[in-house]
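Chemist: Sequence and predicted structure, then a few things I'm wondering about:
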Amino acid sequence: MIYSTLTAEFFSTINALLPIEADSKDLFMVILHANYILTILFGFVVWLITAFTFYLTAMLFNGQGIFKQFLHASAYPYIVAIIGVVIALSLCDNIDTANHTYTLEELSHNHTLKLAMEIVNYSFIPYYAMIAALIHYILHINYLRAILSVAIPILSVWGVTELIKAL
């Protein structure tokens, strides 16, 4: 929940950088609040789904263990992602909004914002490595199979998104 809340705050910070027309400000604020709540809820759902997917993939490699134990342990590596989001939030605080109104085009080229996004995205590399180690120890399979238990679902999702983008 901490990660989801920080991620919601990160998205809100980014959205606050965008200029808002006065006549659509109320609608934008409603959407922003709904996005905040949904980000927190979906963070929890995504954790459950990814943990279950990694667990099932490990079971295909003859893993032996209890899902509940793996689910509880899989929450701890989120500390790396939490640290990444905290760093990204502090970087976003350094973007000057008092003296400048940014367009979407300018934000997409803003070095500080790009760095913040990269930190959030790349913070999951150590997270996935720690999940693979947890699979090795909790579900009792060798490291190669544990790594594959993480890599196969991730690469499958990536492949599907790339296929959809190509359509």
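Modeler: That came in fine, so what should we check first? Residues are numbered from 1 along each chain as shown.
Chemist: Flag the shaky bits of the protein, pLDDT-wise.
Modeler: 19-25, 96-102 (pLDDT under 70).
Chemist: quick one, longest helix in it?
Modeler: For the chain, the helix with the greatest residue count under DSSP state H is helix 25-60.
Chemist: For that one, name the packing helices and strands.
Modeler: Judged by 3 or more CB pairs under 8 Å, 6 or more residues apart in numbering; DSSP states H and E, helix 25-60 is in contact with helix 2-16, helix 67-74, helix 124-139, helix 143-166. Heads up, the C-betas are built off the backbone N, CA and C, glycines and all.
Chemist: Tell me the helix or strand right after the shortest one.
Modeler: So the one you mean is helix 67-74. Sequence-wise, the next helix or strand downstream of helix 67-74 (DSSP states H and E) is helix 78-92.
Chemist: Which residues belonging to that following helix are considered buried?
Modeler: Residues 78, 80, 81, 82, 84, 85, 86, 88, 89, 91, 92 are the ones in helix 78-92 that count as buried (16 or more other CB atoms under 10 Å).
Chemist: Of those residues, which is the nearest to residue 129?
Modeler: Among these, residue 80 lies closest to residue 129 (CB to CB), at 9.2 Å.
Chemist: From residue 41, how far out is that closest one?
Modeler: 22 Å (CB to CB, to the nearest Å).
Chemist: Could you list the buried residues of the longest helix of the chain?
Modeler: 36, 39, 40, 43, 47, 50, 51, 53, 54, 55, 57, 58.
Chemist: likewise stretch 57-74?
Modeler: Residues 57, 58, 61, 63, 65, 67, 70, 71, 73, 74 are the ones in stretch 57-74 that count as buried (16+ other CB under 10 Å).
Chemist: which ones are touching the fifth one?
Modeler: In other words, residue 65. Residue 65 is in contact with 58, 138, 139, 140, counting by CB atoms under 8 Å, 6 or more residues apart in numbering.
Chemist: Return the closest of the residues you listed with respect to residue 132.
Modeler: The nearest member of those to residue 132, counting by CB to CB, is residue 58 at 9.5 Å.
Chemist: circling back to that earlier point, adding distance to residue 110, write the buried residues of stretch 57-74 out as JSON lines.
Modeler: Output for the buried residues of stretch 57-74, formatted as JSON lines (distance: CB to CB, whole Å):
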{"residue": "57", "distance to residue 110": "38"}
{"residue": "58", "distance to residue 110": "40"}
{"residue": "61", "distance to residue 110": "43"}
{"residue": "63", "distance to residue 110": "44"}
{"residue": "65", "distance to residue 110": "45"}
{"residue": "67", "distance to residue 110": "42"}
{"residue": "70", "distance to residue 110": "39"}
{"residue": "71", "distance to residue 110": "38"}
{"residue": "73", "distance to residue 110": "38"}
{"residue": "74", "distance to residue 110": "34"}
